[in-house]
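In: Predicted model and sequence follow; I will ask about them next.
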Amino acid sequence: MPPLDMDDISRYTALPDDARVLLERPERELRVTMSLRLDERLVQTDVCVVYFNTARGPAKGGIRFWPTVTMPHVIELAEKMVWKTALVGIPFGGGKSGIALDPTKFSRMQKTAVLKEFVHVLRPELLNGMYIPAPDMGTNSADMAVIFGETHLPECVTGKPPRVGGLPGRLEATGRGLATCVSAAAKEFLKQDLEGLTVAIQGFGNVGSWCGHFLSQRGARVVAVSDISGAVTARGGLDVHKLAEWTARGKPLDDFPDYDKLTNAELLAMNVDILVPAATENVLTGDSASAVSARMVVEGANGPTTAEADAILGDKGIPVIPDILANSGGVIASYIEWRKAKSGSLTSRDETFDTVDELVLSALARVTDFTSRRKVTPRLAARVLAVEEVVHAMADRGWI
Ligand code: NAD
């Protein structure tokens with residue numbers, strides 16, 4: 001995430017020193033040594049949990065099950081959740097947790113045992129509702145079903161499979177919100193309807209493939225998509241559905257027979273209307289950003305743009321719609337799932353999409369209004385609006 005320090009923010013909104021102290025470091029960091037025996041193997045590792053700020057509600061954020069997990073990175077990810085939840089106006093704070101293990105080194109049964117131990121060591125935080133996990137890198141909906149099974153409380157965790165208390169539409173929600181954001185941002189920043197605009201999407205996993213699906217459905221021309229193996233392209237537009245079926249069978253895009261091939265670097269430099277990085281962090285660096293020729297970038301991934309790249313894109317006059325807005329559909333759906341669990345009501349896929357669209361569009365309208373009134377980038381506008389929300393909440397709570 002390009003750093004926007006509190007000095008940048010305080011030029012556009014009142015930021016009392018007492019508030020800065022609370023926003024510049026996490027409210028709570030918890031590190032637990034987890035140790036369990038799996039047959040012949042002893043698994044010992046750190047579990048990190050961070051509540052960055054809970055002024056607006058419980059700490060919401062996924063469980064990263066990844067060998068490189070460290071406390072500083074979990075803190076960074078938890079902070080992003082604070083701004084994301086505040087910007088779209090859902091009553092959650094920001095948190096995150098991490099288990100420093102490689103998910104590929106565990107069988108399904110072994111991973112279940114690790115997750116049960118995770119619940120065991122964090123039982124108080126999970127049962128008191130102060131930390132509400134969801135899937136993140138290395139965890140999936142089946143893992144959330146395990147956590148639900150251990151707590152017996154459906155509101156303790158989101159991202160569960162629909163048949164285990166999950167939400168219809170949760171799987172597609174991030175891509176859905178992203179497509180809605182792309183479409184509305186095209187109107188605002190490119191002054192054009194989506195119909196016929198060309199889009200290149202880096203990353204064809206959950207977020208990228210569903211975003212491609214909804215964009216194609218709404219008349220955009222998705223001309224290139226990539227996964228880690230490489231990119232496929234067709235100037236007349238790709239059949240996103242066919243490609244999704246291909247990758248769902250575990251096949252790399254690079255092996256897809258029908259389309260021309262590109263590298264990921266070539267995809268990022270394509271002459272398209274809209275570039276959607278939806279793969280991973282730090283893919284737009286100084287070098288790759290200099291080569292970008294898209295008219296607009298919409299961040300599907302978390303933190304795809306480095307600070308240097310952000311400045312380069314700014315100098316080139318390319319608007320960048322920030323991750324905390326563009327990929328907020330997932331956390332919005334998590335909120336709907338939590339609300340459904342609390343109330344016991346049923347929610348349809350269409351209702352999920354309607355709420356995701358409504359909240360993304362409302363946040364985008366506030367961001368574009370601030371961007372044009374104050375002549376700042378959408379990234380700075382989004383962050384100022386989010387910080388304002390959190391500062392007001394801290395004042396309401398009597399924290400400052
Ligand atoms: P995923 O694992 O389903 O898919 C990732 C895709 O990116 C795959 O196609 C993979 O091959 C590709 N990829 C990975 N590294 C790459 C690289 N270096 N170059 C090119 N392609 C690469 O992940 P996802 O759930 O789609 O998440 C993608 C991004 O969106 C992540 O940054 C994630 O944090 C963010 N995000 C996801 C959600 C969600 O609900 N899934 C919500 C908010 C943000």
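Out: Everything's here; your move. Given the structure is predicted, the values throughout are model-derived calculations rather than measurements.

In: And the helices in the stretch 301-400 of the chain?
Out: For the stretch 301-400 of the chain, the helices defined by DSSP state H, counting those that start in this stretch occupy 307-315, 323-326, 329-343, 349-374, 378-396.

In: now swap in the stretch 51-200 of the chain and tell me
Out: Under DSSP H, counting those that start in this stretch, the stretch 51-200 of the chain gives helices at 71-88, 108-121, 123-127, 141-151, 170-185.

In: Residue 155 versus residue 279, what's the distance?
Out: Per Cβ to Cβ, to the nearest Å, residue 279 is found 31 Å from residue 155. In this view, the C-beta of every residue, glycine as well, is placed from N, C-alpha and C.

In: ditto for residue 99
Out: Residue 99 sits 22 Å away from residue 155, going by Cβ to Cβ.

In: Kindly report the same for residue 234.
Out: Distance, residue 234 to residue 155, by Cβ to Cβ: 45 Å.

In: Please apply the same query to residue 308.
Out: Counting by Cβ to Cβ - residue 308 and residue 155 are separated by 42 Å.

In: Between the two, which has more neighbouring residues?
Out: Neighbours were counted for residue 308 and for residue 155 using other Cβ atoms under 10 Å; residue 155 has more, 18 against 15.

In: Let me see the contact set for the more buried one.
Out: By Cβ atoms under 8 Å, 6 or more residues apart in numbering, the residues touching residue 155 are 129, 132, 338, 341-342.

In: Adding neighbour count, write these out as TSV.
Out: Formatted as TSV, the contacts of residue 155 follow (neighbours: other Cβ atoms under 10 Å):
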residue	neighbour count
129	15
132	25
338	25
341	21
342	12
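
In: In terms of distance to residue 74, which of these ranks first?
Out: Within those, the smallest distance to residue 74 is 15.5 Å, found for residue 132 (Cβ to Cβ).

In: pretty sure that closest one is touching residue 92, no?
Out: Yes - using Cβ atoms under 8 Å, residue 132 is in contact with residue 92, at 7.3 Å.

In: list residues touching both of those two?
Out: 58-60.

In: which one of the residues you listed is nearest the ligand?
Out: Nearest to the ligand among the shared contacts of residue 132 and residue 92, counting by Cβ to the nearest ligand atom, is residue 60 at 11.9 Å.

In: and the closest one, how many neighbours?
Out: Neighbour tally, residue 60, other Cβ under 10 Å: 29.

In: go on, residue 154?
Out: 18.

In: what's the domain layout of the protein?
Out: 25-79+94-166, 168-400 (automatic domain parsing).

In: and of the ones you listed, who's closest to the ligand?
Out: Of all the domains of the chain, domain 168-400 comes closest under Cβ to the nearest ligand atom, at 1.7 Å.

In: chain center to the longest strand along the chain: distance?
Out: Longest strand of the chain, by residue count under DSSP state E: strand 41-53. Strand 41-53 sits 21 Å away from the centroid of its parent chain (Cα atoms, centre = their mean, to the nearest Å).
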